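Colleague: need coordinates for the following:
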Amino acid sequence: MKEVKKLKRFISISIFLGMILFCFSACSMRAEQNSLTSQLEIIDALISQNQMQSAIKELKKVEKRAYDSWSYIGIYKRFILIGEQNLAEKIIKKALKKNKQNQELLAVYTNFLLRQNRLEDAGKYAEKLRNGNYASLYSELVLRESQKQVMDQGAYAFYQNEDFYQIYLDAYKGSKNPIWLRNCAVYNLTQGLYNQASLLNPPAYADVDDAYFWGLCLYDAGKYNFAIEALEKAHKYYSDYDNKKQFKCNEIQIVALESDAYMAVSDFEQADTVRSCVVNNIDTVFADIKDDSLLPIIMVNSAIYAKNQMSEDYFADLLFYIVNRWPDYVPALILYSDFAYTSNLEKKEDDEVAALRRAGIKSLEMEKYDSRRKIPLSDALYRIDQSLKRKADPYLSIAKLDLKYKTDPKLSEKDKYRDLWVLLEDNYIEGEIYHTLLVQYALNFLLTTKEYDDAWNLFYKFTTSHGTYDAKRDFWEQFIEQMKYYDLPIVEMAAWFASDLKKTNEAIRIYEYCVYESAGLLEDGLISPLVSSASCMNLANIYFSIGKKDRALDLYGKIAGREVNNAKRSEIFYRIACIYSALGDIKNALRSSEYASSLYPENERASVLKDKLRAKK
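Modeller: Numbers count the residues shown, from 1 in each chain. Just a heads-up that it's a prediction; the model follows:
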């Protein structure tokens, strides 16, 4: 028992002594830290009093007492502050000899060597920082060294090399400067990786140009709401600066893209509101910019919106301004010729209105109709001819041909038909663009005049001559394989023909490409901004016919949201009402038919369905 007691006493004493030694060691380290901190504070006071020699003398004393990386870095920083580069380098090298892998010491010395432009020496240390917290220093080294090679390859091509991608990312992580992320995004965009590029969207933008760049990037990726946020910030930044000429982008570019983004999410009212800041101050805007190429686009979009909202006078005012300011802007001239044609059409009046006219009486609606703005057809043709003399344009040539066919009473359908075939044959040598447009116009004309066989033969001849087809294989199978290489209107026409020929599966596949895939955006359910509403409606109609009523309703709803023409919207809601009626949902069917009728009172089918549904209710 005595042996056991002695052993226990010995163990207790040993533990007690160990605790005393540990406490003594900890207290000693703490005292050493306090002492070093106090000395550094004294040195800081000497530096602030400009007593540099005394400060250097004290730093050399303190140097001997440095015990960890931060102590060495603290001494290094004071040598740098005094301007003693050699002593600063000496202390860091001394610290690195004791701890060769310390990331903070490596980062400080790499940064020192980079500031000294000693790139070769910096490379020995920067490599150890790669993929770490201080990887931005390695990025800086690589970029500075690469300047020697840029002259041989060209800056853009050289810096778009995939090897620089991680370099740019690391540079951003170290600096938080979003400009580095733009380099990564540009690489992704050049590779067609739009979504990957958009995922790099930074939490904050550097300036107007940076916000505009990310607006473009997000728009191209189909992330329109995020694009709107970026462009709203670009707009705000732009308005906050007095010296706006310092930026590469301007207000017109920001407005044009922001308006397009709003239209892509079917917010047409807000899109017009964005454009109005330019449209309502057009003369002031002209004075502030050099390149006005986007202005007529903005103006035409506002004119079309006014037309669809039945603001006929405002539409006419905008249109007159555009064709006078930009006499060769083709979309405006086409819109102008269409307005000239429709404004001269006489509305068929019922017996009641005719009786009022005979009695010399006019209602307010009749007075409004009689005082509507008209454009002489001769003026539209004159403007088109003058523009074609200055510059041949295939779209304008087609517009002139269309206006001729609409207005020349001497031309029979056979004359037009014969004229078109002559033009098609002649224009095999006039240029591919013109020929493609003429084919599109001819197909629409032939289908409108119910020349279905000739339309099919023309379509088949055109598509097979512009692709690689094997006569032994199914035509539709081969067309679907190659449809991304054709202009979208031709593909839409193909879908119509497939449907007309009862090729339901082929029609669905082609229509789905047009509606969901033709813009290169594969996000589920997102409609291509390029596809026509007619193709969307045709696909929805096919869905309904094969029993996919929910898909039909979903697509019709999306089309209604993006369509601005009230007559077309009325037709869409009429079809929605028909689906609800077929499902036995009288409440929603009635609501949709009433809305269809209110949008466009001349939609007789919607009015008839509305009355039938009310009778059932």
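Colleague: now do stretch 514-532: everything it contacts.
Modeller: Residues from elsewhere that reach stretch 514-532, judged by Cβ atoms under 8 Å, 6 or more residues apart in numbering: 194, 221-222, 263-264, 484, 488-489, 491-492, 495, 535-536, 539, 554-555, 558-559, 562. C-beta: built from backbone N, CA, C; applies to glycine.
Colleague: check which helices and strands the strand or helix carrying residue 541 is in contact with.
Modeller: Using DSSP states H and E, residue 541 falls within helix 533-545. Helix 533-545 is packed against helix 488-500, helix 504-512, helix 549-562, helix 566-582, with contacts defined by 3 or more Cβ pairs under 8 Å, 6 or more residues apart in numbering; DSSP states H and E.
Colleague: now what about that helix, what contacts it?
Modeller: With Cβ under 8 Å, 6+ apart as the criterion, helix 533-545 contacts 492, 495-496, 499, 504, 507-508, 511-512, 514-515, 527, 549, 551-552, 555-556, 558-559, 562-563, 568, 571-572, 575, 579.
Colleague: which element, helix or strand, includes residue 380?
Modeller: Counting by DSSP H and E, the element that carries residue 380 is helix 377-390.
Colleague: so what's the gap between that helix and the chain middle?
Modeller: Put simply, helix 377-390 sits 36 Å off its chain's centre (Cα atoms, centre = their mean, to the nearest Å).
Colleague: list the contacts of it.
Modeller: If you take Cβ under 8 Å, 6+ apart as the criterion, helix 377-390 is touched by 323, 327-328, 330, 333, 336-337, 339-341, 344, 393, 396-397, 399-400, 403, 407.
Colleague: hmm, back to that, mind checking which of the contacts of stretch 514-532 are buried?
Modeller: 194, 221-222, 263-264, 488-489, 491-492, 495, 535-536, 539, 555, 558-559, 562 (16 or more other Cβ atoms under 10 Å).
Colleague: burial count for residue 192?
Modeller: 9 (other Cβ atoms under 10 Å).
Colleague: quick one: secondary structure of it?
Modeller: Three-state assignment for residue 192 (DSSP: H, G, I helix; E, B strand; the rest coil): coil.
Colleague: how close does it get to residue 221?
Modeller: Distance of residue 192 to residue 221, computed by Cβ to Cβ, to the nearest Å: 11 Å.
Colleague: equivalent analysis for residue 239, please.
Modeller: In terms of Cβ to Cβ, residue 239 sits 26 Å off from residue 221.
Colleague: ok, which stretches of the stretch 401-550 of the chain are helices?
Modeller: Per DSSP state H, counting those that start in this stretch, the stretch 401-550 of the chain carries helices over the ranges 413-426, 432-448, 452-465, 475-482, 488-500, 504-512, 533-545, 549-562.
Colleague: any chance of a markdown table for those, columns distance to residue 180 and mean pLDDT?
Modeller: Converted to a markdown table, those look like this (distance: least, Cβ to Cβ, whole Å; pLDDT from 0 to 100):
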| stretch | distance to residue 180 | mean pLDDT |
| --- | --- | --- |
| helix 413-426 | 54 | 72 |
| helix 432-448 | 41 | 78 |
| helix 452-465 | 47 | 90 |
| helix 475-482 | 40 | 94 |
| helix 488-500 | 37 | 94 |
| helix 504-512 | 39 | 94 |
| helix 533-545 | 41 | 93 |
| helix 549-562 | 37 | 89 |
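Colleague: out of these, which comes closest to residue 268?
Modeller: Closest approach to residue 268 among the helices of the stretch 401-550 of the chain (Cβ to Cβ): helix 549-562, 8.2 Å.
Colleague: which other helices and strands contact that closest one?
Modeller: Applying 3+ Cβ pairs under 8 Å, 6+ apart, we find helix 549-562 packed against helix 533-545, helix 566-582.
Colleague: ok, of the contacts of helix 533-545, which come out buried?
Modeller: Counted by 16+ other Cβ under 10 Å, the contacts of helix 533-545 give 492, 495-496, 499, 507-508, 511, 514-515, 527, 551-552, 555-556, 558-559, 562-563, 568, 571-572, 575, 579 as buried.
Colleague: make a markdown table from the helices and strands packed on helix 533-545 and add distance to residue 53 to it.
Modeller: Below are the helices and strands packed on helix 533-545 laid out as a markdown table (distance: least, Cβ to Cβ, whole Å):
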| stretch | distance to residue 53 |
| --- | --- |
| helix 488-500 | 79 |
| helix 504-512 | 82 |
| helix 549-562 | 77 |
| helix 566-582 | 85 |
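Colleague: distance from stretch 539-558 to the middle of the chain?
Modeller: Its chain's average C-alpha position is 28 Å from that of stretch 539-558, according to Cα atoms, centre = their mean.
Colleague: do the same with stretch 208-222
Modeller: How far stretch 208-222 lies from its chain's middle: 6 Å, per Cα atoms, centre = their mean.
Colleague: buried residues in that stretch?
Modeller: Buried residues in stretch 208-222, defined by neighbour count with 16+ other Cβ under 10 Å: 208-222.
Colleague: how far does stretch 107-127 sit from the chain's center?
Modeller: That offset, for stretch 107-127, works out to 40 Å (Cα atoms, centre = their mean).
Colleague: got the end-to-end distance for that stretch?
Modeller: One end of stretch 107-127 to the other measures 10 Å (Cα to Cα, to the nearest Å).
Colleague: try stretch 373-382
Modeller: Using Cα to Cα, the end-to-end distance of stretch 373-382 comes to 19 Å.
Colleague: equivalent analysis for stretch 489-509, please.
Modeller: Using Cα to Cα, one end of stretch 489-509 lies 15 Å from the other.
Colleague: run the chain-centre distance for it.
Modeller: Put simply, stretch 489-509 sits 30 Å off its chain's centre (Cα atoms, centre = their mean).
Colleague: coming back round to it: quick one, the helix holding residue 541 and helix 488-500 angle?
Modeller: Angle, helix 533-545 to helix 488-500, by axes from the mean of the first three to the mean of the last three Cα atoms, to 10 degrees: 30 degrees.
Colleague: got a list of what the residue nearest the centre of the chain touches?
Modeller: Central residue of the chain (Cα atoms, centre = their mean): residue 219, 1.0 Å from the mean position. Shown in contact with residue 219 (Cβ under 8 Å, 6+ apart): 227, 257, 260-261, 264.
Colleague: which of the residues you listed sits closest to residue 419?
Modeller: Of these, the one sitting nearest to residue 419 (Cβ to Cβ) turns out to be residue 260, at 37.3 Å.
Colleague: what helix or strand is the closest one on?
Modeller: Residue 260 belongs to helix 251-264, assigned by DSSP H and E.
Colleague: ok, and what's touching that helix?
Modeller: 208, 212, 215-216, 219, 224-225, 227-228, 231-232, 234-235, 238, 244, 268, 270-272, 274-275, 277-278, 285, 288-289, 292, 294-295, 297-298, 301, 529, 562.
Colleague: which of the residues you listed fall within helices?
Modeller: Taking DSSP state H, the ones among these that sit in helices are 208, 212, 215-216, 219, 224-225, 227-228, 231-232, 234-235, 238, 268, 270-272, 274-275, 277-278, 285, 288, 295, 297-298, 301, 562.
Colleague: show the buried residues in the residues you listed.
Modeller: Among those, the ones that count as buried by 16+ other Cβ under 10 Å are 208, 212, 215-216, 219, 224, 227-228, 231-232, 234-235, 238, 268, 270-272, 274-275, 278, 285, 295, 297-298, 301, 562.
Colleague: what stretches of the stretch 101-250 of the chain score poorly on pLDDT?
Modeller: For the stretch 101-250 of the chain, the stretches flagged by pLDDT under 70 are 140-164, 244.
Colleague: how does it look with 80?
Modeller: In the predicted model, the stretch 101-250 of the chain carries pLDDT under 80 at residues 106, 109-110, 114-117, 119-175, 241-247.
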